[in-house]
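Can you look at this prediction? I've put the sequence above it.
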Amino acid sequence: MAKSMIRPIAAVGAMVAAAVAAAPTQGLAAETSYQLYEGLVTISAPSDWPVILKKAEGIPQFIAFAVKDPAAQASGESAQVSVDAKLLNDGSTTQALINAGMDKAKQTPGYEARAEGSGGNTLHYVGLNGKQRYEYRESWIFTSRMLTHVRCSRPLLPATTAAWTQAYEAGCAQIMQSAKLR
């Protein structure tokens, strides 16, 4: 009986694959809104940033996006944006957690602070990831009992275009802004 079931299942799989291949792609929108903690944290991301990792159960919850820079192709480097959310029992430890995160960021090898975009609970800096220089933007957002950490990181590659950099920075700002709105 198992052999007789293989053919119908394979036939259904082939029909589904053919239907997907034949379906028009116009009008199909990529997912751009994501939720953690059943909607307590909502993130809006550019539609061309694929999710590479997501954990939406338990504590903490997080999501990470890959941001494809054509200049990074075959270099082993990649730009990424991650959002990590943690539900706290009370807010009394919030500033200590933020300070610890900032201190950890400042321990990045080759750390160089950037004044533009830094302040409050936000850091903008350059550091080494292995031998490659990266630019980082990190922000810690506390709302009610939720501590959300957004981290944008990209390699500083000579072939990266100004247009790509502008789109990346706009997407990073989009995620940071959406994480603040609840």
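Happy to help now that I have it.

ranges for the helices of the chain?
Per DSSP state H, the chain carries helices over the ranges 2-22, 94-106, 162-180.

weakest of the ones you listed in terms of mean pLDDT?
With a mean of 33, helix 2-22 has the lowest mean pLDDT of the helices of the chain.

and the longest strand along the chain, which residues are buried?
Of all the elements of type strand in the chain, the one with the most residues (DSSP state E) is strand 132-143. Residues of strand 132-143 classed as buried: 134-141 (neighbour count, 16 or more other Cβ atoms under 10 Å). Bear in mind the C-beta positions are built from the backbone N, C-alpha and C, glycine included.

of all these, which comes closest to F65?
R137 (13.8 Å; Cβ to Cβ).

can you pull the contacts of the closest residue to the closest one other than its chain neighbours?
Of all residues not flanking R137 in the chain, C152 sits nearest, at 4.4 Å (Cβ to Cβ, 6 or more residues apart in numbering). Each residue near C152 by Cβ atoms under 8 Å, 6 or more residues apart in numbering is listed here: 79-81, 136-138, 168, 172, 175-176.

For C152, give its distance to I59.
Shown here: C152 relative to I59, a distance of 23 Å by Cβ to Cβ, to the nearest Å.

residues near A96, how many?
9 (other Cβ atoms under 10 Å).

can you check the one 4 residues further on too?
By the other Cβ under 10 Å criterion, the neighbourhood of A100 contains 11 residues.

Check the one 3 residues further on too.
Under the neighbour criterion other Cβ under 10 Å, D103 is assigned a count of 9.

and it, what does it touch?
Here D103 is in contact with no residue (Cβ under 8 Å, 6+ apart).

show me where pLDDT drops low in this protein?
Counting by pLDDT under 70, the chain has low-confidence residues at 1-31, 181-182.
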